[in-house]
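1. Okay, structure incoming, though there's no sequence with it:
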């Protein structure tokens, strides 16, 4: 009678029933995000000087974009004048003609 194995015991030992694919995608994505945040934190902690320089560079770039690149040439007149200042004689003629024909290139 000991040689008989019940169904419950055989299901517990079967490796196919142990490895059921019941992992939820949300759990995997949360654990992946947590690992990535930890990797970035480790990278910042190990390379402090490079991280500060990168942050400074990104901040300078954003400052340039927000205060100079966008606010200097808000309207068409300023963009036209800046192109005319920097252009050669042929491009100035081209810009002048395009402006007179009301072509929206500025």
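-> Ah, there it is. All figures in this text were calculated on a predicted structure; none of them were measured in a lab. Numbering: from 1, shown residues only.
2. Would you mind listing where this structure has pLDDT under the threshold?
-> Low-confidence segments of the chain (pLDDT under 70): 1-29, 68-73, 106.
3. So it: which segments form each domain?
-> Here the domain parsing of the chain from automatic domain parsing is 24-72, 74-106.
4. Reformat those domains as TSV; add mean neighbour count.
-> Backbone N, C-alpha and C define where each C-beta goes, glycine included. As requested, these are exported to TSV (neighbours: other C-beta atoms under 10 Å):
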stretch	mean neighbour count
domain 24-72	10
domain 74-106	12
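5. how close does residue 38 get to residue 44?
-> Per C-beta to C-beta, to the nearest Å, residue 38 is found 11 Å from residue 44.
6. My error: substitute residue 58 in the last question.
-> For residue 58, the distance to residue 44 - C-beta to C-beta - is 13 Å.
7. cool, residue 93 as well?
-> Taking C-beta to C-beta, one finds residue 93 at 53 Å from residue 44.
8. Please apply the same query to residue 56.
-> Here the distance between residue 56 and residue 44 works out to 14 Å (C-beta to C-beta).
9. same check, this time on residue 99
-> For residue 99, the distance to residue 44 (C-beta to C-beta) stands at 50 Å.
10. What's the biggest helix in the protein, counting residues?
-> Assignment by DSSP state H gives helix 25-46 as the longest helix of the chain.
11. which other residues reach that helix?
-> With C-beta atoms under 8 Å, 6 or more residues apart in numbering as the test, helix 25-46 has contacts from residue 51.
12. Could you point out the helix or strand that follows it?
-> Scanning forward in sequence from helix 25-46 by DSSP states H and E, the next helix or strand is helix 48-64.
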